[in-house]
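> based on what follows, work out the 3D shape:
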Amino acid sequence: MAKPSQKIISELDELRASIRHHNQLYYQDAEPEVSDAEYDLLFDRLLEIEAQFPELVTQDSPSQTVGATGLTKFAPVTHRIPMLSLQKVTTLEQFQDFDRRVRDSLSKEAEIHFATEPKLDGLAVELVYRRGKFVLGSSRGDGQTGENITENLATLSSIPSTLSKSTAQQFPLLEVRGEVVMHKRDFEEYNRKLINSDQEPMANPRNGAAGSLRQLDANITKERPLKFYAYGISESSSDSIRSQSEAASLLKKEKFLLPEPAQLFPDAASVGRQFNKLVELRDQLEYEIDGMVIKVDSFDQQMQLGRISRAPRWAVAWKFEAELAETVLEEVEFSVGRTGVVTPVAILKPTKVGGVTVSRASLHNEDELNALGVALGDRVIIRRAGDVIPEVVRLAHKSDPKSKKIKFPTRCPSCNKEIVRPEGEAAYRCLNQNCPAHLEGSLAYFASKAAMDIDGMGGRIAAQLIERGLISSLADLYFLTTEQLLTLDLMADKRAQNLMAAIDRSRSSSLPKIIYALGIDGVGETVANLLAETFGSIDALMQATAEQLVEIDGIGRVLAESIQSFFSSRQTKALIEKMRKGGVLFPPYEKSQTAGKLSGKTFVITGTLSQSRTYFKSLIESQGGKVSSSISAKTDFLLYGEKAGSKLKKAAELGVACVDEKELLKQIG
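Below is the predicted model:
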């Protein structure tokens, strides 16, 4: 098996960081900034790399988890049975592959039926009933742990507070799962009320539902037009329900709303015909949907099929293709992101695509812009594959041969500094770390959970701080006062105090978190940990040469030069110094003190083992060992299973000791 290049490792880090960022915006903040299609491209690329290099799969990778961790303002709830995500397909051929895998995994004599239903685009929740009473409601969260939003869910008239006496007796414990949504008409009506009262309207029904359930005041939730649709039950305390269709009958009997149309089908062809019907019905439905969910009906067969890390093997989401529409390109704006990338955004004559009015679309980069050959005033085809910014697909018609050509700027549209296009990249960048637009994205990233973990410092707060001149660099965060925070919109005393407390806690963040938070191009959590472990302090890292950096297993020449360039710049040195003056401790890196029989030993894992690689990685680390993705002369042991491949051969060449599972377990007793 080929060794992953540094470029691949860096891309993987960036993908994971980007997906976590978008997960937080989607699941926690209800403010997504990319379309479903753009998110799916990122996730598909992550899965592609991890499939090619399984040794790079980590336990905390987004491919191994669901959604995002819950907000700290709600108490955590551990789901008794994990709330999994769904694998997706987009064509009949892909669904036929899913059908084939299901049939190959079950006995040839097995009669298989598929239960289908529309895939609602809302917030997934779980309701717990004990002896017929609704006692607990939670969001999906990361699949294992969600948020306790019982009080808010209890305000929904579509959620029964009690079940019938017969159901309560039959099911002392019943866990109902479903989706909270806003009907399209209710959403439009509620937005009109917000606009008429000079309040900011909701972006779309999904965001409206998610934001409404995360209100600290349940009375606010009660005012919102929310509906709960049940799509199934998790394991109950009774075995009398043996299938998805039987569960649906029970839920309907208890007056739950269910996604319709829902039907049973015996084969892939009939499921395909139902999908085509749903495409035609889509705009007529009361709620937003983004595809069809298909589940193996029998619970026994579901148990036999089992699950992978984040998804069941017995269900799949068949997603709709992106919708197209034609409109006029009126203007192009250029936005600046966290890493300084300058992106062209099309301003369109508003048009409806799939029932949603669209007025902005992505043009990606200069190369894409030139390839499209579009100019202001042209008619263009746009594609909507989600609820946020769609993309311009192609030119539809040249309105005027003399239409105004779009020129990519030579200076940053935010700070007016010169922008550059690094060699080998498609994007132009603003390199000014104090650029307001650059700073806004950097500040939100700096405050994120994986970085300095400053709860309450979202994108809107960051934008206001910069707009009002309270922050001109990341370090200024540590000189803010409660009085300054209280000048921001919708900032009450308690919220300001909580944010100040979170800022204060971040002063003692660990060295790896600080390095990650600085937002160095190509440096994700893995590389940040490597840098902290190798150099031990921020001062030693700042003095490191590219030659020293490239010696680290996992860091290549390009990344080494990027890191060295970042820390040698005057802006970075001034930033670190000002953070110190603001009380940031920059503590030295403390290696794990875990005592164990593998302390100080480095392992590489390869081949097929009896448990997942994540399991063995955790086992080795619990005994003080370290797991690396690539084998070298510094490796102490290669843990191998079946089909070990080239790493076993390389270990023999380098004289690295090779152990199987039994030998490893023997070593640690």
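
> pLDDT weak spots in the stretch 301-450 of the chain?
For the stretch 301-450 of the chain, residues meeting the criterion pLDDT under 70 lie at 309, 354-355, 385-389, 401.

> which stretches of it form strands?
Using DSSP state E, counting those that start in this stretch, the strands of the stretch 301-450 of the chain run over 315-319, 323-336, 341-353, 356-362, 379-384, 391-397, 419-420, 428-430.

> CSV for the ones you listed, including mean neighbour count and distance to residue 610?
From N, CA and C alone the C-beta is placed, and that goes for glycine too. Compiled in CSV, the strands of the stretch 301-450 of the chain are given as follows (neighbours: other Cβ atoms under 10 Å; distance: least, Cβ to Cβ, whole Å):
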stretch, mean neighbour count, distance to residue 610
strand 315-319, 22, 26
strand 323-336, 17, 46
strand 341-353, 18, 44
strand 356-362, 17, 46
strand 379-384, 20, 45
strand 391-397, 17, 45
strand 419-420, 19, 51
strand 428-430, 22, 47
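
> these: which one's closest to residue 468?
Nearest of the strands of the stretch 301-450 of the chain to residue 468, taken as Cβ to Cβ: strand 323-336 at 18.9 Å.

> how far off centre is that closest one?
Here strand 323-336 is found 26 Å from its chain centre; the criterion is Cα atoms, centre = their mean, to the nearest Å.

> may I see the buried residues of stretch 122-130?
For stretch 122-130, the neighbour count (16 or more other Cβ atoms under 10 Å) marks 122, 123, 124, 125, 126, 127, 128, 129 as buried.

> now the residues you listed in JSON lines, with distance to residue 547 and secondary structure?
Formatted as JSON lines, the buried residues of stretch 122-130 follow (distance: Cβ to Cβ, whole Å; DSSP: H, G, I helix; E, B strand; the rest coil):
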{"residue": "122", "distance to residue 547": "53", "secondary structure": "coil"}
{"residue": "123", "distance to residue 547": "51", "secondary structure": "strand"}
{"residue": "124", "distance to residue 547": "50", "secondary structure": "strand"}
{"residue": "125", "distance to residue 547": "54", "secondary structure": "strand"}
{"residue": "126", "distance to residue 547": "54", "secondary structure": "strand"}
{"residue": "127", "distance to residue 547": "59", "secondary structure": "strand"}
{"residue": "128", "distance to residue 547": "58", "secondary structure": "strand"}
{"residue": "129", "distance to residue 547": "64", "secondary structure": "strand"}
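
> can you redo those residues as a markdown table with distance to residue 160 and pLDDT?
Shown next, in a markdown table, are the buried residues of stretch 122-130 (distance: Cβ to Cβ, whole Å; pLDDT from 0 to 100):
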| residue | distance to residue 160 | pLDDT |
| --- | --- | --- |
| 122 | 18 | 88 |
| 123 | 19 | 90 |
| 124 | 19 | 93 |
| 125 | 14 | 94 |
| 126 | 15 | 95 |
| 127 | 9 | 96 |
| 128 | 13 | 94 |
| 129 | 9 | 94 |
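
> so what touches whichever strand or helix holds residue 531?
Assigned by DSSP states H and E, residue 531 belongs to helix 525-535. Residues outside helix 525-535 that contact it (Cβ atoms under 8 Å, 6 or more residues apart in numbering): 9-10, 13, 16-17, 58, 450, 510-513, 515-516, 523, 541, 544, 552-555, 559, 563, 589, 591.

> mind checking which of the residues you listed are in strands?
Assigned to strands by DSSP state E, none of those qualify.

> so among those, which ones count as buried?
9-10, 13, 16-17, 58, 450, 510-513, 515-516, 523, 541, 544, 552, 554-555, 559, 563, 589.

> next, the nearest residue to residue 155 once chain neighbours are set aside: phi, psi?
Spatial nearest neighbour of residue 155, excluding adjacent residues (Cβ to Cβ, 6 or more residues apart in numbering): residue 222 at 3.9 Å. The phi/psi pair for residue 222 (degrees, to the nearest 10) reads phi -60, psi -30.

> wait, residue 222 touches residue 153, no?
No. Taking contacts as Cβ atoms under 8 Å, residue 222 lies outside contact range of residue 153: 10.8 Å.

> who has more neighbours, these two?
Between residue 222 and residue 153, residue 153 has the larger neighbour count (other Cβ atoms under 10 Å), namely 24 against 16.

> list the buried residues for the strand or helix carrying residue 495?
Applying DSSP H and E as the criterion places residue 495 in helix 493-506. Neighbour-count burial for helix 493-506 flags 496, 499, 500, 502, 503, 506 (criterion: 16+ other Cβ under 10 Å).

> check contacts around the last one.
This points to residue 506. Residue 506 neighbours (Cβ under 8 Å, 6+ apart): 447, 452, 453, 454, 584.
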